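> Build me a model from this:
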Amino acid sequence: MTSIISINQTSPYYPRRLLDLQDAPAEIFCLGNLQALKLPCFAIVGSRKATLQGIKHAHHFAKSIANMGACIISGLAEGIDAAAHRGALASRLRPSTIAVCGTSLDRCYPFKNKELFKLIAENGLLISEYPPGTITKPYHFPQRNRLIAALSTGTLVVEASPKSGSLITAKMANELGRDVFAIPNAIGKVCSAGCHQLIREGAKLTEKPSDIAEELLFRL
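Below is the predicted model:
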């Protein structure tokens, strides 16, 4: 596995999209293929407690959008995030996915995703704003979400409860002028409520990857 390196705002690899943030990190720490930062990026996020259908959707959308040429960004969490990373890794694109971590890159959280962590380091890129050795704090994870939103041209929410961190990502994406997409689900399910809320607030109702291509990818 390659070594962790840091890039600051003067580096040609530092993503200029991060500068849209008022608190853009002075440097980011990277593990993997830096060429991922040169690709157009699209975020796919959602519930940690995903349904089987949600996991299938995340994998399918990630693979399809990566095959259109967009690097898939997510947060390495269980559920939708992990499925999105795996879908991107199953595509033809290389590097195909970026994991934005809420921990420093000398550890993997959650630990059960250690094999996925290794696959992304080999076939994509892991990034963090926290230097190696940083003690993980709960607020690091919502802080991570702003980087996911800023790095991406658009964000798709697959499944989310009304209090999901994915809604924070979607809100930040909207505030940054990025497109927000949401997949509708069956009424009465907690995992549907967040997506339906986003659609009511103006997110683009999304049923298939071509819906995103028609709205967004021609601008990538």
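
> contacts and neighbour counts: CA atoms only from here.
Will do.

> What distance do you get for the residue nearest the centre of the chain to Ser11?
Among the residues of the chain, the smallest C-alpha distance to the mean C-alpha position (C-alpha atoms, centre = their mean) belongs to Ser74, namely 2.1 Å. In this structure, Ser74 and Ser11 are separated by 23 Å, where distance is defined by C-alpha to C-alpha, to the nearest Å.

> And for Ser192?
41 Å.

> Secondary structure class of the residue of the chain positioned farthest from its centre, three-state.
With distances taken from the mean C-alpha point of the chain and given as C-alpha atoms, centre = their mean, the most distant residue is Gly188, at 26.5 Å. Recorded secondary structure, Gly188: coil (DSSP: H, G, I helix; E, B strand; the rest coil).

> For it, which residues are in contact?
Counting by C-alpha atoms under 8 Å, 6 or more residues apart in numbering, Gly188 makes contact with nothing.

> before we move on, what about the one 10 residues further on?
Leu198 sits next to 167, 182 when contact means C-alpha under 8 Å, 6+ apart.

> Quick check: mean pLDDT of the strand or helix carrying it?
Per DSSP states H and E, Leu198 falls inside helix 190-200. Helix 190-200 comes out with an average pLDDT of 92.

> tell me what the top helix by length along the chain is packed against?
What stands out as the longest helix in the chain, according to DSSP state H, is helix 52-67. With contacts defined as 3 or more C-alpha pairs under 8 Å, 6 or more residues apart in numbering; DSSP states H and E, helix 52-67 has these neighbours: strand 71-74, helix 80-89, helix 209-215.

> Tabulate those (TSV), appending distance to Ala150.
TSV is the format used below for these (distance: least, C-alpha to C-alpha, whole Å):
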stretch	distance to Ala150
strand 71-74	11
helix 80-89	17
helix 209-215	18
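
> Lowest average pLDDT across those?
Taking the average pLDDT of each of the helices and strands packed on helix 52-67, the minimum falls on helix 209-215, with a mean of 89.
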